[in-house]
Every structure is written in C-alpha cells, then in structure tokens.
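>>> Sequence first, then the predicted structure, then my questions.
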Amino acid sequence: MGLRCDRLAQRAFTWQFGDDSPSRPLLTMRRIPVLLLVLTVSSLSRLVGWQALDNGDDLTGDPRFQQALGLFEVWLDARMAYEQIPAVSVSLVHDQNMIWTAGYGYADREDRIPATSGTLYSICSISKLFTSIGVMQLRDRGKLELNDPLGDHLPWFDLEQAYPDGPDVTVEGILTHSSGLPRESAHPYWTGPDYPFPTREQIIEGLGHQATLYPASRYFQYSNLGMTLAGQLIERISGMTYEEYIQTNVLDPLGLEHTYPEIPDQHQGGLLATGYNRLDREGKRDVAPLFHARGIAPAAGFASSAEDLARFAMWQMRLLEDGGTEVLSANTLREMQRVHWVDPDFETMWGLGFSVRRHDATAVVGHGGSCPGFRSILQYIPSSKLAGAVMINAQGTNPADIFNRMHETIGAAVTSIVADPEGGTPLVSDFEKYEGLYASDWGEMGIIRWKEGLAVVALPSNDPVEAMRELRHVDGNIFRRVRDDGELAEAYIFEVGSDGDVERVSVHGNFSEKVR
C-alpha cells in the first residue's frame with residue numbers, strides 16, 4: 001500500500017488564485033509517559049496527549065511517520081475548528097503493537113480539561129462486540145446453539161410474531177441483525193433532554209406491545225433491541241448479571257482496565273469526557289446530558305478509551321495470529337469476523353456481532369458507536385495488519401472519515417516503513433520556521449515540512465491526501481510548487497521579520513498572513 005509519497009508529492013489541486021497544472025504480548029509493553037505538548041512537527045496541533053511504544057521497534061521516529069503525522073494533524077486541526085469538535089482521541093495498532101496514540105482538544109471545553117488517549121468516552125454500539133463475545137463463549141461451552149430460537153432460552157419472550165409462517169427469531173439472527181426484530185425497545189430513550197433508558201424489567205414488559213418488523217432472515221434491520229436481548233440471554237444462561245459476566249469473562253481477562261459496561265459516574269469531571277450535542281444553526285454545541293443506558297447497556301452502554309480499544313484490537317490480532325484460546329478460541333473469533341449475512345441488495349453485510357464490509361476493495365472489520373454527545377469507531381484491516389480507534393465527544397460528527405484519513409496517511413506511512421525501513425527522507429530542520437497556518441480572505445492553508453522541502457494543504461478539505469501539493473526549495477525563503485509532471489510552477493515567497501519569524505507568504509503576488 002505505502003504512503004503513496006511519490007504520488008502525494010505530485011498531487012495538484014485548484015488553489016485560491018487558480019491552477020495552471022493539468023506480535024507482542026500486551027502486558028509486556030512499555031510506553032513512555034504521556035506528555036501534554038504542542039507537536040513540533042506541526043505548529044497547528046492542538047494540545048496533544050502523545051504516546052508511543054518504547055520497545056525497540058518504534059516507528060514514530062521515521063521521517064515518513066513524521067510527514068504523515070503532520071499531514072494528518074493539519075487536516076484534523078481544521079476539521080475540529082470548522083466543525084467545533086471539542087475533542088478527538090485516536091489510537092493506531094500495527095501487527096499487535098500499539099504504535100501511536102494521541103488526544104486533541106478538550107475533554108471538557110468549559111473546564112479546559114485536555115483530551116488524551118486515556119480519556120473515557122461513551123462507545124455506544126461498540127458495546128455490542130463485547131456482548132457478542134459473551135454469547136459466543138456460551139455457545140462454545142455448549143450452553144446454546146446459534147440456530148436456537150430465542151424463546152427456548154427466554155421464556156418471557158412474547159413479542160408478537162407478525163409473520164407466523166416465517167422462521168424463528170434465533171440467536172444468530174440477533175447477532176447478525178437479520179432477526180426481523182424492530183430496531184428499538186418500546187421506549188423513547190433516544191429522545192432528549194432526559195433520554196429515559198428503560199430498565200431490564202421495563203424492556204421485558206414492553207415486548208408484549210411490540211411485533212416483528214419483518215420475517216426473520218429476510219432483511220438486515222439493525223436492532224438495539226436484539227442485542228439487548230442477547231445481553232439478557234447471557235444473564236439467563238450464566239446465572240450472573242450481565243455486568244458481572246462481561247467483567248469477569250471478557251474485560252478482566254483482556255486487561256481492559258479502562259473499559260466499563262456502563263458509564264462510570266466516578267470519573268465524571270475527570271477521565272470521562274463531557275459530551276456535546278450536534279451543531280445548532282448558530283454553529284454552537286450545547287453540553288449533552290450524562291446518560292445511562294440501563295437495560296440497553298448490552299447494546300449501547302459501555303465507556304472506554306482509545307488506548308483500551310487499541311488493546312482490544314491487539315487481542316484480536318494476537319489470537320488470530322497465534323491461534324489457541326484466549327477468552328475465545330481463534331476459530332470462534334474468525335467465525336465472528338466472517339460474513340454471516342448478506343442483504344438482498346448485496347451491499348449490507350454482517351458477521352456475528354462484527355460489522356464486516358469492504359472499503360476500496362479492502363475488508364474492514366469492526367463497529368461504530370453513536371450516543372448522546374459521543375461518536376466513536378473501531379476498525380481492523382486484516383490485509384494490512386492495521387487497526388485503530390477514533391473517539392469524539394460530539395454528535396453529528398464522522399469518526400469513520402477521520403479513521404479513513406488516519407489510515408490513508410499515518411497508517412500508510414507505517415506500512416511503507418515496515419516494507420522499507422531505510423527508505424525515509426529526513427525532514428529539513430531549517431524549514432521548521434515556515435510551518436504553520438496561513439490565512440487570507442480567500443481561505444486557509446497549512447504548511448508542513450515534507451521530504452526535502454515543504455507541502456501546502458488547502459483547509460478545510462475533505463481529504464488531506466488530495467488537498468496537498470509539494471513545495472521545493474529554490475533559494476533563500478523561496479519555494480516553488482511541484483507540478484504533476486515534475487516541473488516547477490508558481491513561487492511561494494515567505495517574508496521574515498526582523499526577529500527571524502515568518503510573517504506571511506506571497507503566492508501569485510497575493511499574501512496570506514501566518515496566524516500561528
């Protein structure tokens with residue numbers, strides 16, 4: 001895959017004044033302490049909680065990683081500013097190693113609490129993965145079968161079968177969201193400002209007033225109700241509360257010390273990020289109320305951190321690579337991440353609990369989450385042995401897009417470094433003074449160090465790879481854009497003040513001021 005450095009360096013785009021160009025065990029990892037700093041690689045970076053492995057195989061010092069990080073951060077900085085996103089926490093895993101984590105912005109905007117990779121967020125529907133693992137553990141112990149009708153294990157399951165001639169609602173059906181069940185329990189728990197999530201007893205009581213939406217095994221219908229019932233299946237068969245079972249049989253054995261089956265009130269105002277609502281028409285975000293999923297917790301109640309979700313991904317890689325049994329058997333995990341349901345449209349696919357899809361002809365396994373005040377995603381790409389998490393404390397945002405951009409920049413750099421450890425081009429330290437954010441009435445541009453020169457990125461942009469072009473140093477404070485064909489185009493002339501600081505840049509004879 002590679003970083004696409006050569007193609008990236010030749011990428012051209014329309015500018016404001018026109019364009020004339022056509023395996024390692026988790027418990028043995030040692031990490032350097034978290035630092036709160038503004039990264040030198042990009043003066044545009046927000047307050048960052050940085051973590052990299054110190055295990056003799058640190059890829060983050062390679063100049064390709066630094067280039068990619070600068071590109072990603074200059075893009076993310078603009079995305080957060082223009083969408084008024086308070087905080088983003090991210091993590092990246094390669095081949096069982098957590099190689100990089102970071103936090104940007106503020107976990108609590110009002111109290112100015114910095115976000116780090118250890119900040120806790122609601123992960124909402126990513127909770128379903130832990131519930132699905134619990135169900136599959138019981139299957140492997142002979143306590144149930146995937147084709148068992150749900151009513152065989154839950155005698156109070158009296159939801160009306162609107163299609164009596166159709167198949168039964170089965171365990172597999174609820175794990176693949178093909179059971180025909182309605183999306184939600186019979187309660188308005190996604191309605192603010194109170195978000196009245198029901199108790200277990202209220203969910204059971206409401207079943208008698210609900211009916212199947214479709215015949216089982218006909219269509220994909222994402223169902224929080226179905227995964228909630230999967231949690232109650234765990235309780236019924238194990239004789240333990242759902243929280244006790246998951247803690248004892250999944251979270252503790254995996255060493256996920258900062259993952260909780262319910263929102264941890266004890267960390268409010270500290271480790272737990274404050275959630276924020278969607279942008280209103282005035283471009284503002286109000287604080288979202290703290291919620292508790294209660295009986296819906298098996299489908300949407302968990303909280304975790306970017307670091308812990310990285311560890312969760314590392315376990316998956318380790319188990320699939322090494323085989324054997326660790327919480328699950330490797331064969332069972334592989335079974336869960338294989339497609340078990342394909343909708344009649346031949347586009348929607350699902351595994352057992354896991355979302356399984358294709359992105360740019362590459363298989364991607366994971367899950368996303370969306371709850372009041374929070375968005376998150378966990379993705380694993382088996383072909384490149386890359387995985388990562390993106391966590392945001394704001395609604396109406398797109399963590400999947402941020403993950404994709406992280407994968408296409410930093411993830412691609414990691415792949416390039418692994419394939420060719422000696423292939424990097426050192427950044428020029430003398431060019432650090434040019435890095436920063438430049439603005440005019442026509443827009444913004446971020447300038448970062450890139451290879452032997454600089455790169456300029458139009459901001460905001462949908463894609464940092466597409467929105468950048470290389471600048472080659474020609475003389476003094478003058479750089480020129482590199483066209484697709486390798487020829488040099490217009491000049492970028494930086495003006496330096498008497499104190500030696502860069503003040504502005506001229507392009508096509510017009511100025512953009514350096515604002516930071």
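Received the coordinates, thanks.
>>> Tell me which residue is most central in the protein.
Val390 (2.5 Å; C-alpha atoms, centre = their mean).
>>> roughly how far apart are that residue and Thr397?
Between Val390 and Thr397 the computed distance is 9 Å (C-beta to C-beta, to the nearest Å). C-betas here are computed from N, CA, C, even on glycine.
>>> buried set for stretch 148-156?
Applying a neighbour-count criterion of 16 or more other C-beta atoms under 10 Å, one finds Asp148, Leu150, His153, Leu154 buried in stretch 148-156.
>>> ugh, wrong one, stretch 208-217
Gln210, Thr212, Leu213, Tyr214, Pro215, Ala216, Ser217.
>>> Show me what the top strand by length along the chain packs onto, helices and strands only.
The single longest strand within the chain, with elements called by DSSP state E, is strand 97-108. Strand 97-108 sits against strand 48-50, helix 63-83, strand 87-94, strand 113-114, helix 306-322, with contacts defined as 3 or more C-beta pairs under 8 Å, 6 or more residues apart in numbering; DSSP states H and E.
>>> Which neighbours in the sheet does the fourth one have, and how are they oriented?
Partners of strand 113-114 in the sheet, by DSSP bridges, are strand 97-108 (antiparallel).
>>> Run the chain-centre distance for the strand it pairs with.
Between the centre of strand 97-108 and the centre of its chain there are 11 Å (C-alpha atoms, centre = their mean, to the nearest Å).
>>> CA atoms only for that strand, dumped as CSV, please.
Extracted in CSV, the C-alpha atoms of strand 97-108 (Å, rounded to 0.1, in the frame of the first residue of the first chain):
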residue,chain,number,x,y,z
ASN,A,97,1.7,-3.3,18.5
MET,A,98,0.1,-0.1,19.8
ILE,A,99,2.4,2.2,17.9
TRP,A,100,0.8,5.6,18.4
THR,A,101,-2.0,7.3,20.4
ALA,A,102,-3.0,10.9,20.8
GLY,A,103,-5.6,13.2,22.2
TYR,A,104,-6.6,16.5,20.7
GLY,A,105,-8.6,19.4,22.1
TYR,A,106,-10.6,19.3,25.3
ALA,A,107,-12.4,16.5,27.0
ASP,A,108,-14.3,19.2,28.9
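>>> burial count for Glu201?
If you count neighbours by other C-beta atoms under 10 Å, Glu201 ends up with 9.
>>> Low-confidence bits of the protein, can you list those?
Along the chain, segments meeting pLDDT under 70 span 1-57.
>>> re the thing from before, in JSON lines: the buried residues of stretch 148-156, plus distance to Val169.
Listed next are those as JSON lines, based on distance: C-beta to C-beta, whole Å:
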{"residue": "Asp148", "distance to Val169": "10"}
{"residue": "Leu150", "distance to Val169": "5"}
{"residue": "His153", "distance to Val169": "11"}
{"residue": "Leu154", "distance to Val169": "10"}
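>>> From the residues you listed, which land in helices?
Counting by DSSP state H, no part of the buried residues of stretch 148-156 is found in helices.
>>> Between these, which sits nearest Ser370?
Leu150 (25.6 Å; C-beta to C-beta).
>>> gap between the closest residue to that closest one other than its chain neighbours and Ala293?
Nearest residue to Leu150, sequence neighbours excluded (C-beta to C-beta, 6 or more residues apart in numbering): Val169, at 4.8 Å. In this view, Val169 and Ala293 are 22 Å apart by C-beta to C-beta.
>>> Repeat that for Leu309.
Separation of Leu309 from Ala293 (C-beta to C-beta): 18 Å.
>>> Those two - which one has more neighbours?
Remark: of Leu309 and Ala293, Leu309 carries more neighbours, 32 against 24, as counted by other C-beta under 10 Å.
>>> Quick check: that one touching Val390?
No - contact criterion C-beta atoms under 8 Å: Leu309 and Val390 do not qualify, at 9.2 Å.
>>> hey, where'd the helices end up in the protein?
If DSSP H is used as the criterion, the helices of the chain fall at 5-9, 63-83, 127-140, 171-175, 200-207, 224-238, 242-246, 252-254, 297-300, 306-322, 330-336, 399-406, 412-419.
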